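Participant: test case, fold it:
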Amino acid sequence: METKAASINTNHPNPRISTEWMATVNRILPTLIFTFMCAGSLFLTTSFFVNEQVTPKWYWTFFCSAALLLVYIVFSFFTGKGEVTGRNSMPAACLIIVTLCLLQAVYGILQYVNMFPAVNGFRVTGSFDNPAGFAASLCAGFPFLLYFVFSEKLWKRYTAITTVIVIVAAIVLSASRAGVISLIAVGLAAFFYKIKIVAKWKWTIITVLLSVSLSGLYFLKKDSADGRLLIWRCSLEMVKDKPLFGHGYGGFKAGYMNYQAEYFEHHPDSKYTILADNVNRPFNEYLLLLVNSGLFGLMVLILVFYRLWQIFKYNRSKTLFDYISYLCLLSIAVFALFSYPLTYPFVWVVGLSSIANLFYPLWRTQKRFLFDLRLIIILAVPVAGYLTYDRMRAEMKWCDIAHKSLRGRTEQMLPEYKLLYDKLKCNELFLYNYAAELNVVGQYEKSLTIAQECERLWADYDLQMLMADNYRQMQRYKDAEQHYKKASLMCPVKFMPLYELAKLYVEEWRDNEALSLANTILAKK
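Facilitator: Numbering: from 1, shown residues only. Now for the predicted structure:
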């Protein structure tokens, strides 16, 4: 009988071994995907895209997110549970985020000492297109250092303090004022977490430190700060026109420069004329939300913040990870007051991870509901993945033909632009590039048609100059004149609109006006 029982057992897998194997894979695989996602969203760059520093990071993040979601679904079928990993993964997440931020900070410091090149004329950009993305990502990841700073093991604590110094130095060297203010806010919150102070002194310290730092940073780059005041002023004019539901998705990009032109039309002697430039972002995420979605969108955001605060405040069993998540969101929220951190995928990754951690107790009670959505997710993820992959291939093709056009093969590439038009006609940069290439080969009427499509999505100085040239080549001088004037009002500091307008007057035999405009150009600062 014993022999028979033994033979039966050998023919069936050991359920304990199977469960342990499943638990091990369940723990390792999501962590591995999360590591790849964070690394790609921080470091990935490739010349296969027009925006080689940011676009590949977004695509990589999307595909890793889809893979993580599918892993969740697959393991839910095997385990019969609506969760893959819980808070036991937070120490690993902290280590991953801190290590990658340290590497990014070191990369930025090496750029500062000219060991590696930065891009777009900046001194420090890391693997991003400008210092804002570099500083925003480091600030978002900075709070995760607290897990090691507050460790009981001395070697962890000393290593963490060294890492703090490196990351802070990198942010300071990047000259990101939003980054410095964000660090001060997180540092104060961490200080109050560790050392209990009465509310009166707490608010006094916060008021004094933030007042001093804001004043100092304002005068550090006064012209730049004044330029942002102009942007905020014109943005508020946009809000006044459509206060409830805003101008819609992409509304800021489609309308802001028109409002800036209108401002200078009514204030030609403004002190901001020497500071105004092409603007694609309002340097304030809340103002961007107000412009695009109006008060309705802002109220939704406030309700989300309020719910997060409630969960945090009334959670009687708060852990260090809850505080870290709270500080991560605080860092992003403060940075968003003065810049555009949500442009960068790593900020989204750590921000949503923090929200997921804070909502974890609530989600556990809703596990059954999430579990029932599995089939919908299984169908939706591949469809979204295919559409995203198709879009990615189109953008890579666009980058390839754009570079070939720059090498003098514009006419041969125009059929390729036409093929991509249906897939990328909602991308204002593609439309501008397509219109510019048509202008180069003398197809002015078709170039103008594409440029007008672009204008509905994007109010832009360079686009106005392109449209003016198309009209001028078609000898529609009145229309050309209007666009040159609009370009000049958008960016009064620039010389080219006035110079081209003076040449236009010469072509029309309007010599007195041409001479007057030439004197205006000579008198410009």
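
Participant: poorly predicted segments of the protein, please.
Facilitator: 1-26, 76-88, 198-200, 202, 213-223, 361-372 (pLDDT under 70).

Participant: nearest residue to the middle of it?
Facilitator: What sits nearest the mean C-alpha location of the chain, by Cα atoms, centre = their mean, is T343, with 0.8 Å.

Participant: now it: how far from S235?
Facilitator: Plainly put, T343 is 16 Å away from S235 if you go by Cβ to Cβ, to the nearest Å. Every C-beta, even on glycine, is put in place using the N, C-alpha and C of the backbone.

Participant: does Y193 lie in a helix or a strand, and which?
Facilitator: helix 177-194 (DSSP states H and E).

Participant: against which helices or strands is the longest helix belonging to the chain packed?
Facilitator: When the chain is parsed with DSSP state H, its longest helix is helix 374-406. The helices and strands touching helix 374-406, judged by 3 or more Cβ pairs under 8 Å, 6 or more residues apart in numbering; DSSP states H and E, are helix 55-79, helix 410-424, helix 428-440.

Participant: list the buried residues of it.
Facilitator: 377, 381, 392, 394-399, 401-402, 405 (16 or more other Cβ atoms under 10 Å).

Participant: before we move on, what about stretch 160-174?
Facilitator: 160, 163-164, 166-168, 170-171, 173-174.

Participant: before we move on, back to that, got the angle for the longest helix of the chain vs helix 410-424?
Facilitator: Angle, helix 374-406 to helix 410-424, by axes from the mean of the first three to the mean of the last three Cα atoms, to 10 degrees: 160 degrees.

Participant: distance between helix 374-406 and the chain's centre?
Facilitator: 19 Å (Cα atoms, centre = their mean, to the nearest Å).

Participant: could you check the angle helix 428-440 makes with it?
Facilitator: Going by the same axes, to 10 degrees, helix 374-406 makes 30 degrees with helix 428-440.

Participant: what's the neighbour count on A502?
Facilitator: 20 (other Cβ atoms under 10 Å).

Participant: sorry, that was for N130
Facilitator: By other Cβ under 10 Å, the residues close to N130 number 22.

Participant: same check, this time on T46
Facilitator: For T46, using other Cβ under 10 Å, the count is 14.

Participant: against L68, how distant is it?
Facilitator: Following Cβ to Cβ, the distance that separates T46 from L68 is 22 Å.

Participant: related to what we said a few turns ago, from the contact counts, what lies against the helix holding Y193?
Facilitator: So helix 177-194, by 3+ Cβ pairs under 8 Å, 6+ apart, packs with helix 131-141, helix 154-173, helix 199-220, helix 320-335.

Participant: restricting to C-alpha, output the last one in CSV.
Facilitator: What follows is the C-alpha trace of helix 320-335 in CSV, where atoms were taken according to Å, rounded to 0.1, in the frame of the first residue of the first chain:
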residue,chain,number,x,y,z
LEU,A,320,7.0,55.1,6.2
PHE,A,321,6.0,54.2,2.7
ASP,A,322,2.8,56.2,3.1
TYR,A,323,4.9,59.2,4.0
ILE,A,324,7.2,58.7,1.1
SER,A,325,4.3,58.5,-1.3
TYR,A,326,2.8,61.6,0.2
LEU,A,327,6.2,63.5,-0.2
CYS,A,328,6.6,62.2,-3.8
LEU,A,329,3.2,63.8,-4.7
LEU,A,330,4.1,66.9,-2.7
SER,A,331,7.3,67.2,-4.7
ILE,A,332,5.5,66.9,-8.0
ALA,A,333,2.7,69.3,-6.9
VAL,A,334,5.2,72.0,-5.9
PHE,A,335,7.3,71.6,-9.0
